[in-house]
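Asker: model this:
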Amino acid sequence: MSKGATDFLTFVLAGQMFGVSVLQVNDVLAPQKITRTPLSPSSVAGIMNLRGRIVTAIDVRDCLGQEPRGSNNPGMSVVIERNNELFSLIIDTVGDVLSLAHDSLEDVPPTLDNAWKSIASHIHKLEDRLLVILDTEKLMEATKP
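Answerer: Numbers count the residues shown, from 1 in each chain. Sure, this is the predicted structure:
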């Protein structure tokens, strides 16, 4: 990571590219067995076991009001830690790690979809697409019942 820059793990969800700071990422996992939990919000896909720790799996597609993932795409997991608890963000595919200068991050435009705007901290304009920087705190708040 260069001075004045942050490294972001990129991922795709419903055709949109998102980024999350690599400092927040504990693991990136292939599809995992998830056990549904009764009476949980629809955005909570369930729980899974990761090396003996219980991890709450969050369906980010549901958080954003997107169509469910097809059975041919079980999704991947980006595991983050918040308040000493692990959360698995279920996404479509994982991309690359990008190092972005702080001054290249822009405010979230008012024209961005409201659901995406509600969990974004910034955007970054790539050559051919928009990278939405995920605010994991806002995302976790959106999953509460």
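Asker: wait, what's in contact with residue 113?
Answerer: Residues near residue 113 by CB atoms under 8 Å, 6 or more residues apart in numbering: residue 64. In this view, the C-beta of every residue, glycine as well, is placed from N, C-alpha and C.
Asker: Please read the previous query as pertaining to residue 43.
Answerer: Contacts for residue 43 (CB under 8 Å, 6+ apart) come out as 58-59, 62-63, 142-143.
Asker: So in terms of bridging, what pairs with the nearest residue to residue 106 once chain neighbours are set aside?
Answerer: Using CB to CB, 6 or more residues apart in numbering and skipping residues adjacent in sequence, the residue nearest residue 106 is residue 123, 5.3 Å away. Counting by DSSP bridges, residue 123 is bridged to residue 106, residue 132.
Asker: Count the residues that sit near residue 123.
Answerer: For residue 123, the neighbour count with other CB atoms under 10 Å is 20.
Asker: what about residue 17, which helix or strand?
Answerer: Assigned by DSSP states H and E, residue 17 belongs to strand 16-21.
Asker: Check residue 54 too.
Answerer: Under the criterion of DSSP H and E, residue 54 resides in strand 53-59.
Asker: any chance you could map the strands in the protein?
Answerer: Counting by DSSP state E, the chain has these strands, from start to end: 5-13, 16-21, 25-29, 44-50, 53-59, 76-82, 85-91, 93-101, 120-125, 130-134.
Asker: show me where pLDDT drops low in this protein?
Answerer: Within the chain, the stretches with pLDDT under 70 are 1-3, 144-145.
Asker: Identify the bridge partners of the residue positioned nearest the centre of it.
Answerer: Closest residue to the average C-alpha location of the chain: residue 89 at 5.2 Å, with CA atoms, centre = their mean. Residues in a beta bridge with residue 89, per DSSP bridges, are residue 58, residue 78.
Asker: ok, it - contacts?
Answerer: Contact partners of residue 89, counting by CB under 8 Å, 6+ apart, are 20, 58, 60, 77-80, 136, 139.
Asker: Kindly report the same for residue 87.
Answerer: 55-58, 79-81, 140.
Asker: that older thread, export the contacts of residue 89 as TSV, with columns for neighbour count and distance to residue 114.
Answerer: Converted to TSV, those look like this (neighbours: other CB atoms under 10 Å; distance: CB to CB, whole Å):
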residue	neighbour count	distance to residue 114
20	21	20
58	26	19
60	25	16
77	25	26
78	24	23
79	20	27
80	23	23
136	20	19
139	22	14
